[in-house]
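# I need the structure of the sequence given here:
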Amino acid sequence: MSVLVKSVLFLSMFTLAWASRTDVYITNSLEGKEDLHIHCKSKDDDLGPHVLHINETFKFSFRANIFYGTLFFCSFQWGNGPLLYFDVYDQKRDQNKCDQCKCDECKWSIKKDGPCRFEPQRDCSLVRKCYEWNH
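Prediction:
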């Protein structure tokens with residue numbers, strides 16, 4: 001095995017060993033105080049279905065892929081409404097968003113018109129941003 005290959009393998013293993021964990025929080029903030037049914041998955045993990053009562057939170061943690069491929073998506077449903085989807089963690093969208101602020105949390109507040117969270121700005125202040133459901 002060449003020195004270059006050994007170096008790349010060592011660097012990859014070192015990065016994986018020291019990569020920080022990312023925590024995702026999903027909170028039921030539905031205006032009608034309805035139960036929120038969620039089911040989150042990635043390519044490799046199925047986190048199973050969960051029911052969140054108003055203001056309850058579901059949390060999961062993971063280590064992001066060093067090659068920027070980590071994606072967790074969830075389905076959301078309340079009442080007799082349609083099944084809605086959203087990517088609660090998209091490494092390409094989320095990882096570099098707050099590197100300079102040293103944060104490793106995605107805290108989502110689920111509302112009927114879409115998921116919202118507070119996102120760090122360049123000065124590390126937080127601004128609320130809401131997203132549309134996936135189509």
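# contact partners for Val88?
By Cβ atoms under 8 Å, 6 or more residues apart in numbering, the residues touching Val88 are 24, 26, 40, 72-74, 106, 108, 115. C-beta coordinates here come from the backbone N, C-alpha and C atoms, glycine included.
# one more time with 10 Å
24-26, 38, 40, 58, 60, 71-74, 76, 94, 106, 108, 110, 115, 117, 131 (Cβ atoms under 10 Å, 6 or more residues apart in numbering).
# got it, and Val127?
With contacts defined as Cβ under 10 Å, 6+ apart, the neighbours of Val127 are 117-121.
# filter the contacts of Val88 down to the buried ones.
If you count burial by 16 or more other Cβ atoms under 10 Å, the buried members of the contacts of Val88 come out as 24, 26, 38, 40, 58, 60, 71-74, 76, 94, 106, 108, 110, 115, 117.
# can you pick the most crowded of the contacts of Val127?
Greatest neighbour count in the contacts of Val127, by other Cβ atoms under 10 Å, goes to Arg117: 21 neighbours.
# please give the element, helix or strand, for the residue most central in space within the chain.
Nearest to the geometric centre of the chain sits Tyr89, at 2.9 Å (Cα atoms, centre = their mean). Mapping Tyr89 onto the secondary structure by DSSP states H and E places it in strand 84-90.
# so for the following helix or strand past that strand, what gets flagged as buried?
Counting by DSSP H and E, the element after strand 84-90 in chain order, helix or strand, is helix 91-94. Buried residues in helix 91-94, counted by 16+ other Cβ under 10 Å: 91, 94.
# please find the angle between the direction vectors of the following helix or strand past helix 91-94 and strand 84-90.
Counting by DSSP H and E, the next helix or strand C-terminal to helix 91-94 is strand 105-111. Strand 105-111 and strand 84-90 meet at an angle of 170 degrees, taking axes from the mean of the first three to the mean of the last three Cα atoms, to 10 degrees as the criterion.
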